[in-house]
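Novice: predicted model, plus sequence, below.
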Amino acid sequence: MLAKSPLNLNNENDLLEAYAGLEGRDLIRTIARDYKGRVALLSSFGAESAVLLHMVSEVDPSLPIIFLDTLKLFPETIAYRDLLVRELGLTDVRVISPDDFDIQQQDPRGDLHVESPDQCCNIRKTIPMEKAFANFDVMISGRKRFHGSTRADLKFVSTDGDRLKVEPLAGFTALDLQSYMLNHHLPSHPLKLAGYHSIGCMPLTCTAPGGSADNPRAGRWMGSEKIECGIHFTANGKIIRTETRQAAGV
């Protein structure tokens, strides 16, 4: 069961009312207080990650941060992670990797991302993430509405099964992110200069240069109907998908 905060929240309407008007740093601070010791942040240390990580560093640099190393990440992402950890003073970044047994059984040649991208994401992201969050009641992530498609109606707080999900940047625009980065002198991901607006795993079928500030995910899984890795689910537990890439605005 989802552990209750001191506010005894038990449904999404109560959650929305209790945290109404809060976003960004203020929402993080309030959630961290109400669910002390039960909150972790999921971060890819990708193209837009520095903003949320900076907010967390100002609220509590010891807040647990879950980083999924799929073993197929760009070396630039690993270097960027290390840079942000140093510069922001983050003290509890937990690197989670896929299980060796799952890799040997399901992706021994390392090409599962071509044959079955959903299954590749499942063993390299979803399963490790679920294990990492087993002891946390609250997941904070950096999704935004302007990414469109399944994220267009994103709530600042919602429930996903027994877990509370918090999206402090849901209402941020591309301009908001850019302004925040500049105002706080935050370093950009190295691949931004190479034309990557959304950065996941290294294979070209997973991440390609492209997209724009207002449509950053256009470079993800190009040429396929896939638009999400499967970490974020619908209410019935199914991977978030749309009928076609066209429906996703890509």
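Specialist: Sure, I can see it.

Novice: pLDDT weak spots in this structure?
Specialist: 1-11, 148-151, 203-205, 208, 210-250 (pLDDT under 70).

Novice: can you pull out the strands in it?
Specialist: 39-42, 65-68, 93-96, 138-140, 157-160, 163-166 (DSSP state E).

Novice: let's have the ones you listed in JSON lines, adding distance to Pro187 and mean neighbour count.
Specialist: Quick note: C-beta positions are derived from backbone N, CA and C, even for glycine. Output for the strands of the chain, formatted as JSON lines (distance: least, CB to CB, whole Å; neighbours: other CB atoms under 10 Å):
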{"stretch": "strand 39-42", "distance to Pro187": "19", "mean neighbour count": "23"}
{"stretch": "strand 65-68", "distance to Pro187": "17", "mean neighbour count": "23"}
{"stretch": "strand 93-96", "distance to Pro187": "16", "mean neighbour count": "15"}
{"stretch": "strand 138-140", "distance to Pro187": "21", "mean neighbour count": "23"}
{"stretch": "strand 157-160", "distance to Pro187": "30", "mean neighbour count": "17"}
{"stretch": "strand 163-166", "distance to Pro187": "25", "mean neighbour count": "22"}
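
Novice: so for Glu76, which of those sits nearest?
Specialist: Closest to Glu76 of the strands of the chain, according to CB to CB: strand 65-68, at 14.5 Å.

Novice: export the closest one as PDB, just CAs?
Specialist: Output in PDB follows, covering the C-alpha atoms of strand 65-68 (Å, rounded to 0.1, in the frame of the first residue of the first chain):
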ATOM      1  CA  ILE A  65      18.700   9.800  -7.100                       C
ATOM      2  CA  ILE A  66      18.200   6.600  -9.200                       C
ATOM      3  CA  PHE A  67      20.300   6.500 -12.400                       C
ATOM      4  CA  LEU A  68      19.600   3.700 -14.800                       C
END
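
Novice: which one's the longest helix in this structure?
Specialist: In the chain, assigned by DSSP state H, the helix with the most residues is helix 75-88.

Novice: against Ser49, how distant is the residue nearest to Phe146 when sequence neighbours are not counted?
Specialist: Among residues not flanking Phe146 along the chain, Thr173 sits closest, at 5.4 Å (CB to CB, 6 or more residues apart in numbering). According to CB to CB, to the nearest Å, Thr173 stands 17 Å off from Ser49.

Novice: what sits up against the longest helix of the chain?
Specialist: Helix 75-88 has contacts (CB atoms under 8 Å, 6 or more residues apart in numbering) with 44-46, 49-50, 53-54, 57, 61, 67, 69, 90, 93, 187, 189-191, 199.

Novice: change it to 6 Å
Specialist: Helix 75-88 is contacted by residues 45, 53, 57, 93, 189-191 when judged by CB atoms under 6 Å, 6 or more residues apart in numbering.

Novice: so Leu112 is in contact with Cys121, correct?
Specialist: No - the criterion here is CB atoms under 6 Å, and Leu112 misses it with Cys121 at 9.4 Å.

Novice: just to revisit the earlier point, from Asp162, how far out is the residue nearest to Phe146?
Specialist: On the measure of CB to CB, Thr173 and Asp162 end up 32 Å apart.

Novice: returning to that earlier point: want to throw the strands of the chain into TSV with distance to Ser179?
Specialist: Formatted as TSV, the strands of the chain follow (distance: least, CB to CB, whole Å):
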stretch	distance to Ser179
strand 39-42	22
strand 65-68	24
strand 93-96	26
strand 138-140	21
strand 157-160	24
strand 163-166	22
